[in-house]
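S.K.: Quick one, structure for this:
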Amino acid sequence: MHSTKLESAIYVTGLFFFLLSNQGRSEFRVDIGNTDGTWWGGFVKAQGTELVKCRNHLGNPLGDIKKTVDLDNTGQIIFYAPPPATSAKSYEDGPLPEPWKSKAVGTLPRGGSAEVKNGSIIIETSSPEQNSGVDAFYTAYLPLPEDHAYITARISRIDTYEETTQSGITIHGENETGSPGVFLALSHRQPATMIQWGEHYSGILPRFTSPIITRKTPRQWVNIDIEVDPVPNGAKQLLLVVQDGGTESQSNWANWILPRINIAGSHRKLTDLNWKSATTGWGKVYKNKNTAGREMRLDGEPVEYGIGTHADSIIRFDLPPGTNRFRTTAGIDDAAPQNPSVKFMVYTADPDSSVTDIPKAYYDPRNNSKVGQWLRLIRSNGFITGYISQDGKLWRKLWSVTDEIKSPAVAGLIARGTKPRRRWATFFDHVETGTLEQLGSIREMEPRIALVDGTIFHERIIGATPTLFHLGGSNRGRVLPTLSIARIEYYYPLEHQFETILAGREEGLILSNGDFFGSKFSGIKDNTLTSRSILFGNRSFELNGAIDALVFRPASKIPPKGLSYVLETWRGGRIYGRNLSIRKNHITIDTIRLGSQQLALNEIRNISRIQIKQHP
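M.R.: Numbering: from 1, shown residues only. Sure thing, here's the model as predicted:
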């Protein structure tokens, strides 16, 4: 997916507009405590190397009166929370304004509609007929600029709790049929999902879809029993699909156990047939062995016959004429290393169907799919990237996929599902589309790095060896000794249950499924972390989704000696240093491990001298 190339392109674009946005906000409301115990405040702004009061707390200008912040005699500066970001312009109630259009894609017997009400775009949709086998949904859409463009929306409400429903945003080709695209969706009962369909997608639906299965699910398998409609002129195709459940690990060992077909009332092992094609994400596809070529086992018992593979996998069979039923058990092999996460699907298709008829789905491993969240798709530099946010300010990247759209693109909203039979509605607000130049800065969730001296900062990590971490972003070129790091959080805030682990009593990884993998860190390369445990040996994890935190050792709770100031940021950072100075809306401070650090004033929550008691 060339994620490193994409991240660099977005970082450079975002940095440029981040600097522009910082210049735009030049006044900050503060309370200031002097070293003699007195307090004053109001609105201040940077003028050269000074902070100057320009308005009182009521916002009234001071006229010719000038009051400068004397850093040498200042004990604390408390910054008020910045004003909320301006939301997208709401639409007037009524029909969708131009250039928005809406329509049903596929057959919806109960129809659908799109309108604006109370500033939200409401997509009302229904479902295709039961067992129709073909996807159908209702959508509202508008043209999107050719490249370097985006769509953002917040889903505030979904009026159904059916697990098959999905609502979200899309970027796809404008052609009526055969247009590749991407759909980023939320659902009440499924993980947030990014779905990519290819140029030849025909809307074929799986005959069976399992929930995501992990070691934490009550059972490590599902039973499957589906009817296969006979095809008069030749065989029907059977496609056995295993998709990664969101961890992108090498642990997704999947087995199709006792697969069998029914022909004219008699049973036949599927393994008696040779597959037409077979793919696997790791290892090999075997008959009667797991993907590592060893004995297949499920729940402690050996498997008589079956097919072993690894996500992502598609195994295609041509079924003999007269086949009318398929039965199997699908599950995780007992020997799969820690943290497997898979989803099983079964398709039946006409002989001339293509493998690209099957969309590729990327699941959020953190199962974070509740409504009220913000979604964003960005199309830029040959990739489409999906983001999710709790507040519309700090964005977490889910996935990047290759942009396969060849025709002009459209952006839109989609509501779809196979249940319920009644019509149901999704409410979208803060909907906006445009160019990346119009979007401005992209504030991504960067790793939160805690050092043993108590420093906490946010920065990209380019790579690492067992002894050194190479930083990116504004600290590109700097390295940190691994011994100076207490922990690195890739996802935050974490739940309270992880506080003891984060304290650093044991080295290892907090995985996105909630497991703790006790291990020794080996390195980071190409966005993949490698760690070694005594029990499982070397293991690799995709940093975008599989890991929540890397824990090394405890962090000090006492400020380091010999340093004068501590800066706290709105994102939870804490920087210790000396030689505090101001220049052009930035604070510069000299640190021990990171050298000279420059922070924008709108990032800072609090500045304190370490020696004085802080203002309550």
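S.K.: Domain parsing of the chain, as residue ranges.
M.R.: Per automatic domain parsing, the domain ranges recorded for the chain read 101-196+364-439, 208-352.
S.K.: Same list, the ones you listed, but as JSON lines with mean neighbour count please.
M.R.: In short, each C-beta sits where N, CA and C put it, glycine included. Shown next, in JSON lines, are these (neighbours: other C-beta atoms under 10 Å):
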{"stretch": "domain 101-196+364-439", "mean neighbour count": "19"}
{"stretch": "domain 208-352", "mean neighbour count": "19"}
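S.K.: Put together TSV for those, with mean pLDDT on each row.
M.R.: Converted to TSV, the domains of the chain look like this (pLDDT from 0 to 100):
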stretch	mean pLDDT
domain 101-196+364-439	87
domain 208-352	89
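S.K.: how about those domains in CSV, adding distance to residue 597?
M.R.: Putting the domains of the chain into CSV (distance: least, C-beta to C-beta, whole Å) gives the following:
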stretch, distance to residue 597
domain 101-196+364-439, 20
domain 208-352, 33
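S.K.: Double-check residue 228 against residue 321; I have them as touching.
M.R.: No: in this structure, residue 228 is not within contact of residue 321 by C-beta atoms under 8 Å, at 11.1 Å.
S.K.: dump the residue contacts of residue 144.
M.R.: Residue 144 sits next to 151, 171, 379, 408, 409, 410, 411, 433 when contact means C-beta atoms under 8 Å, 6 or more residues apart in numbering.
S.K.: now it: how far from residue 150?
M.R.: To residue 150, residue 144 is 8 Å away according to C-beta to C-beta, to the nearest Å.
S.K.: what residues are shared contacts of these two?
M.R.: Contact criterion C-beta under 8 Å, 6+ apart; residues shared by residue 144 and residue 150: 379, 411, 433.
S.K.: In strands only, show me those residues.
M.R.: 379, 411, 433 (DSSP state E).
S.K.: Pull the most distant pair out of the contacts of residue 144.
M.R.: Farthest pair in the contacts of residue 144 (C-beta to C-beta) is 151 and 408. Separation: 14.7 Å.
S.K.: which non-adjacent residue is nearest residue 34?
M.R.: Distances taken as C-beta to C-beta, 6 or more residues apart in numbering place residue 73 nearest to residue 34, at 5.7 Å, with adjacent residues excluded.
S.K.: How about residue 55?
M.R.: Closest to residue 55 by C-beta to C-beta, 6+ apart is residue 43, at 3.9 Å.
S.K.: Partner strands of the helix or strand where that neighbour lies and their direction?
M.R.: For residue 43, the host element (DSSP states H and E) is strand 39-47. For strand 39-47, the paired strands and their directions (DSSP bridges) read strand 27-34 (antiparallel), strand 50-55 (antiparallel).
S.K.: wait, which of the ones you listed is closest to residue 125?
M.R.: Nearest of the strands paired with strand 39-47 to residue 125, taken as C-beta to C-beta: strand 27-34 at 45.5 Å.
S.K.: Output that closest one in CSV, but only the C-alpha positions, please.
M.R.: Provided in CSV are the C-alpha atoms of strand 27-34 (Å, rounded to 0.1, in the frame of the first residue of the first chain):
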residue,chain,number,x,y,z
GLU,A,27,-4.2,36.0,20.2
PHE,A,28,-4.4,33.7,23.2
ARG,A,29,-6.4,34.1,26.4
VAL,A,30,-4.3,33.4,29.5
ASP,A,31,-4.0,33.7,33.3
ILE,A,32,-0.4,34.6,34.4
GLY,A,33,1.1,34.0,37.8
ASN,A,34,4.1,36.0,38.8
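S.K.: mind checking how far it is from the chain centre?
M.R.: 37 Å (C-alpha atoms, centre = their mean, to the nearest Å).
S.K.: Compute the first-to-last residue distance for stretch 465-474.
M.R.: The first and last residues of stretch 465-474 sit 20 Å apart, counting by C-alpha to C-alpha, to the nearest Å.
S.K.: Can I take it that residue 191 is in a strand?
M.R.: No: using DSSP: H, G, I helix; E, B strand; the rest coil, the assignment for residue 191 is coil, not a strand.
S.K.: show me where the stretch 1-150 of the chain has helices.
M.R.: Here the stretch 1-150 of the chain has its helices, by DSSP state H, counting those that start in this stretch, at 3-24.
S.K.: Go ahead and flag the most central residue of this structure.
M.R.: Centroid-nearest residue in the chain: residue 398, 2.3 Å away (criterion: C-alpha atoms, centre = their mean).
S.K.: Any chance of the backbone angles for it?
M.R.: Main-chain torsions, residue 398, degrees, to the nearest 10: phi -90, psi -60.
S.K.: out of everything not next to it in sequence, what's closest to it?
M.R.: In space, residue 398 is closest to residue 386, 4.4 Å off (C-beta to C-beta, 6+ apart).
S.K.: and what of residue 35?
M.R.: residue 75 (4.7 Å).
S.K.: count of neighbours near the one you found?
M.R.: Counted with other C-beta atoms under 10 Å, the neighbours of residue 75 add up to 20.
S.K.: Give me the distance between it and residue 526.
M.R.: Distance, residue 75 to residue 526, using C-beta to C-beta: 47 Å.
S.K.: Also residue 492?
M.R.: Remark: distance between residue 492 and residue 526 (C-beta to C-beta) = 23 Å.
S.K.: Look at the two and report which has more neighbours.
M.R.: residue 492 (16 against 9).
S.K.: Phi first, then psi, for that one.
M.R.: Per degrees, to the nearest 10, the backbone of residue 492 is at phi -160, psi 160.
S.K.: buried set for the strand holding residue 43?
M.R.: Using 16 or more other C-beta atoms under 10 Å as the test for burial, strand 39-47 gives 41, 42, 43, 44, 45, 46.
S.K.: which of the residues you listed lies closest to residue 124?
M.R.: Proximity of the buried residues of strand 39-47 to residue 124 (C-beta to C-beta) peaks at residue 43, which lies at 46.7 Å.
S.K.: Cool, thanks, talk later.
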